[in-house]
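Visitor: for reference, the sequence and a predicted model appear below.
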Amino acid sequence: MKPVLKVRGLRYRYPDGTQALDGVDFHLDQGECVALLGANGSGKTTFVLHLNGLLEGEGSVEVCGIPVTRATHAQVRAKVGLVFQDSDEQLFMPTVLEDVAFGPANQGLSPQDAAARARVVLEQVGMSSALHKAPYHLSSGEKRRVALAGVLAMQPEVLVLDEPTTSLDPPGRRELVKLLGDLPQAKVLVTHDTELARVLATRAVFFERGRVAAEGPVDELIRRFDWSSEVQKSAE
Amino acid sequence: MHIPDGFLSPPVWATLDVAAVPAVALMARGARQEIEERRIPLLGVMGAFVFAAQMINFPVGLGTSGHLVGGTLLAITLGPAAASIVMTAIIVLQAFIFQDGGIVTLGANVVNMAVVGVLAGYLPYRLVSGAGARRDGDNPTSTRWRSSAIFLGGVLSVLASACLALAELLISGVPMPRRMLWVSLGLFLVSALIEGVITLAAVGAIERLNPLWVRSPKDSGSRALGVVAIAAVLLVVAGVVGASAAPDGVWSLAAQLGMSAQPPSWLHAPLAGYQVRNFESTWVRKASAGIAGLLMTYAICALAGRAMAARALTTRAGVRQRSA
Amino acid sequence: MHHVVVEQWSRGSSPLHALDARAKLGALLGFLIAISTTPPLAQAAFAAYAGVLFSALVAARLPLGAMFRRAALVLPFAATFALITWWSGDGARALALAEKSFLSGLAALLLIATTPMTQLLRALDSLGMPRPLVLVIQFLYRYLFVISEQAQHMRLASRCRQGPSAGRRSRFRAAAGAVGVLFARSWERADGIYQAMLARGFTGRFPAFAPARFRIRDGAFLVAVTAISVAIRVSL
């Protein structure tokens, strides 16, 4: 199986000096789904921003065999679809249809073709009724689905989702999980939602202070790092 | 200060609509650095910020609250050309969506608030800071000059746009008894002072969060833009004064063009006419005094800036000599 | 009345909704200029303008009462000047000022209530408004309600936190702080938006607006309204 993502020795230092990533190795095969777990600030989001060239660090990052450099940004961003944590920042066009058509339009499609592709993808995520609505009027779950559609419209090979189930109500969460499960692309899920990881991911990677502390089956890592979402009232 | 439709006479709104077109085009194109396409989301979001910030109450005494207008704040954080475009966007949306200000009068409102208001607000800051009075924490004098420039910018921005609006209404023949005129000017002055105080406080709060957000004028706008700005403000104010000194001329012109407005009856009544003429000369005198004051203010700012720059150079030289 | 309602109206359907926005803009301009230049004594003209607007409202299937109430919001400003003019002895002009304001406001509102913002912006763009300005308006509109809501929450939160005896000075400083925070969040939001744009292939130029066709019926509408406005202005 050809790896769709290959990362070797990735290092990144923030402008203020903090070492956010300290030598990360990572690989993702076609069709795989990997969950990235770890505390806030452990480098998970910083890491995924390197996958489509939004951040540039030391080391090598390859997407479908293409090394990620300034010259290859356009190609890479067509292959890696990133769904951000903040849907309001991701849905920046005035209406749903225009937003989902933004990606295809940037890929060279005419306005009409871009809109046509947008319609198809919105149908796929179940948001056809909201074509001309303003994102302001959508619920969190609906916004998340539209953001996903905006990314799918570019026909990527890898989906990277940063905290996809945050602020979703239970039905919204269930719908999103089902939607993601049906998608054939390889996926990287940055998440605190261990249930999501359990259901969708075949493998988990645990980040700690900018490094990969462990890698393995989801259940095993959850147990090992005491990462379960279950809570109990403290004993009297 | 947003002039609605129905108040300005055709010569006035038509002239301003025509004047606004090249002004906005110049802003949209000039200072490319400020308006490159990658900055457009920032400008849009900052426009939304100004709208929202206008809702925040600033208690200013006597049980009333002031609100931020925002032209000077935008100019200091985004640069004058960008601020102009953002204010224009705000005015257009206010007119269409909230019917705050008219559509035929868009030209007038844009010239008043987005062009003159923004440039008048930015000039003191540019003149003082640009020539060398940097954000110098060790030098309390230069910080004080900078703060004064920011405050002054806020004051002048509101004062200039409000007075311009008032002049446009007067030229259009909107009747205003002398007493009401002075009350209006007084209110403008109060609003202007409030804007100065609020702008200064807001810029301070923003700077504390991230000093990089408040630009050093060195990296904004060309010198040419600065000269154009001063020229524009002077021309407009001079033109307004000239026109207001002879409203009869404007009226007869309008009548000759076959446009509606017959001069209002109060202008015809003999006693009223005498009063108006009397008032006219005082108005011209007061307006000229105002312009002179404005020029002096800008001159002081420029000189202060230059003095700061000179001092900074000698201090640096002195330090270098000592360490040598 | 919140703009949300007007936005909903703009997505309705009626003969007026279906017209090209450029035609509606042009018609509005002609209509406004006619109103603006009408002499104060021509009360018959004002009645005729009102009649035209009334029929347009009916054709657009918009709720009359709500529209009138919304348009009446322009009256306070007009009322001040109208009263002054009345006291100066020119009753006719006073009435005319109030009527002109109201009719102009209602006409503008009619445009907005029958034209989604996207179409309006597209029309402004094709009529020659500088592209940077159109795009800034687009983004402003998108985030207007989001950030306003944020400001509302901040106001509420600070009111809850302030003691009843909070001095003017401290409340002033709190307000300045709120503006600072709102600025910071907005700027950071803009950074996030830019990253989201890059992630979906933004190369520095925005995709062009899809062109709309100007049909004969749009031209006919424009000509008709202009002719009616001129006729009223000249003959009444």
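Guide: That came in fine, so what should we check first?

Visitor: CA atoms for contacts and neighbours, from now on please.
Guide: Noted.

Visitor: tell me the mean pLDDT for the helix or strand residue B:207 falls within?
Guide: Remark: residue B:207 resides in helix B:178-209, with elements defined by DSSP states H and E. Helix B:178-209 shows a mean pLDDT of 89.

Visitor: one more: stretch B:22-31?
Guide: 80.

Visitor: same question, stretch A:14-25
Guide: For stretch A:14-25, mean pLDDT is 91.

Visitor: again with stretch C:118-128
Guide: Mean predicted confidence for stretch C:118-128 is 92.

Visitor: check the offset of it from the chain's centre.
Guide: 14 Å (Cα atoms, centre = their mean, to the nearest Å).

Visitor: now stretch C:125-139
Guide: The mean C-alpha position of stretch C:125-139 is separated from the chain mean by 16 Å, Cα atoms, centre = their mean.

Visitor: ditto for stretch C:37-53
Guide: Chain-centre distance of stretch C:37-53: 22 Å, with Cα atoms, centre = their mean.

Visitor: could I get the full set of helices for chain A?
Guide: A:44-48, A:73-79, A:87-90, A:96-106, A:111-124, A:140-152, A:170-182, A:194-200, A:218-224 (DSSP state H).

Visitor: list the buried residues in the longest one.
Guide: Within helix A:111-124, the residues that qualify as buried by neighbour count (16 or more other Cα atoms under 10 Å in any protein chain shown) are A:111, A:114, A:115, A:117, A:118, A:119, A:121, A:122.

Visitor: near chain C, which of these show up?
Guide: Counting by Cα under 8 Å from any Cα of the partner chain, residue A:111 from the buried residues of helix A:111-124 sit close to chain C.

Visitor: adding pLDDT and distance to chain B, write the buried residues of helix A:111-124 out as JSON lines.
Guide: Listed next are the buried residues of helix A:111-124 as JSON lines, based on pLDDT from 0 to 100; distance: Cα to the nearest Cα, whole Å:
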{"residue": "A:111", "pLDDT": "91", "distance to chain B": "19"}
{"residue": "A:114", "pLDDT": "94", "distance to chain B": "21"}
{"residue": "A:115", "pLDDT": "94", "distance to chain B": "22"}
{"residue": "A:117", "pLDDT": "96", "distance to chain B": "25"}
{"residue": "A:118", "pLDDT": "96", "distance to chain B": "22"}
{"residue": "A:119", "pLDDT": "96", "distance to chain B": "25"}
{"residue": "A:121", "pLDDT": "96", "distance to chain B": "25"}
{"residue": "A:122", "pLDDT": "96", "distance to chain B": "24"}
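
Visitor: check the burial of the closest residue to chain A within the stretch 101-250 of chain B by counting its neighbours.
Guide: Going by Cα to the nearest Cα, chain A is nearest to residue B:210 of the stretch 101-250 of chain B, at 13.2 Å. Neighbours of residue B:210 under the rule other Cα atoms under 10 Å in any protein chain shown: 11.

Visitor: what's the answer for residue A:170, then?
Guide: Count around residue A:170 with other Cα under 10 Å applied: 11.

Visitor: one more: residue C:61?
Guide: Using other Cα under 10 Å, residue C:61 has 17 neighbouring residues.

Visitor: for residue B:77, same thing?
Guide: When neighbours are defined as other Cα under 10 Å, residue B:77 has 21 of them.

Visitor: so what's it closest to, chain neighbours aside?
Guide: Nearest residue to residue B:77, sequence neighbours excluded (Cα to Cα, 6 or more residues apart in numbering or on different chains): residue B:214, at 4.7 Å.

Visitor: now that neighbour. Its backbone dihedrals?
Guide: phi -100, psi 110 (degrees, to the nearest 10).

Visitor: residues contacting it?
Guide: By Cα atoms under 8 Å, 6 or more residues apart in numbering or on different chains, the contact list for residue B:214 reads B:76, B:77, B:78, B:203, B:206, B:207.

Visitor: over to residue C:103?
Guide: Counting by Cα under 8 Å, 6+ apart, residue C:103 has contacts C:35, C:49, C:50.

Visitor: dump the residue contacts of the first one.
Guide: I take that to be residue C:35. Counting by Cα under 8 Å, 6+ apart, residue C:35 touches B:6, C:46, C:49, C:100, C:103, C:104, C:233.

Visitor: try 10 Å this time
Guide: When the contact criterion is Cα atoms under 10 Å, 6 or more residues apart in numbering or on different chains, the partners of residue C:35 are B:5-6, C:29, C:45-46, C:49, C:96, C:99-101, C:103-104, C:229-230, C:232-233.

Visitor: and chain C, which residues reach chain A?
Guide: Within chain C, the positions near chain A by Cα under 10 Å from any Cα of the partner chain are C:4, C:7-8, C:11, C:116-118, C:138-146, C:188-211.

Visitor: please check those and keep the buried ones.
Guide: C:7, C:11, C:116-118, C:138-146, C:189-202, C:206-207, C:209.

Visitor: which residues does the worst-scoring helix or strand of chain C on mean pLDDT contact?
Guide: None of the helices or strands of chain C scores lower by mean pLDDT, DSSP states H and E than helix C:75-87, at a mean of 78. The contact list for helix C:75-87 (Cα under 10 Å, 6+ apart) reads B:1-7, B:100-101, B:174-177, B:180, B:264, B:266, C:88-102, C:105.

Visitor: what comes up buried for it?
Guide: Neighbour counts using 16+ other Cα under 10 Å place C:75, C:77, C:78, C:79, C:81, C:82, C:83, C:84, C:85, C:86 of helix C:75-87 among the buried residues.

Visitor: now stretch A:155-166: mean pLDDT?
Guide: On average, stretch A:155-166 scores 95.

Visitor: over to stretch B:114-130?
Guide: 86.

Visitor: inside helices: which ones of the residues of chain C next to chain A?
Guide: C:4, C:7-8, C:117-118, C:138-146, C:188-199.

Visitor: where are the low-confidence patches of chain A?
Guide: Confidence mapping of chain A against pLDDT under 70 gives the ranges A:1, A:235-236.

Visitor: need the residues of it near chain B, please.
Guide: Counting by Cα under 10 Å from any Cα, the residues of chain A near chain B are residue A:92.

Visitor: so is the helix or strand hosting residue B:81 next to chain A?
Guide: Using DSSP H and E, residue B:81 sits within helix B:80-98. No: judged by Cα under 10 Å from any Cα, helix B:80-98 and chain A are separated, with a smallest distance of 14.2 Å.

Visitor: do that helix and chain C meet at all?
Guide: Yes: applying Cα under 10 Å from any Cα, one finds helix B:80-98 touching chain C at B:82, B:85-86, B:88-93, B:95-98.

Visitor: using TSV, lay out the residues you listed together with pLDDT and neighbour count.
Guide: As requested, the residues of helix B:80-98 next to chain C are exported to TSV (pLDDT from 0 to 100; neighbours: other Cα atoms under 10 Å in any protein chain shown):
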residue	pLDDT	neighbour count
B:82	91	31
B:85	94	29
B:86	95	31
B:88	96	25
B:89	96	27
B:90	96	22
B:91	95	25
B:92	95	22
B:93	94	18
B:95	92	25
B:96	92	20
B:97	90	19
B:98	87	21
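
Visitor: can you pull the contacts of residue 16?
Guide: By default, I'm working from chain A. So residue A:16 contacts nothing (Cα under 10 Å, 6+ apart).

Visitor: please refer instead to chain C.
Guide: C:24, C:56-61, C:110-111, C:113-115, C:218, C:221.

Visitor: one more time with 6 Å
Guide: Neighbour list for residue C:16: residue C:60 [criterion: Cα atoms under 6 Å, 6 or more residues apart in numbering or on different chains].
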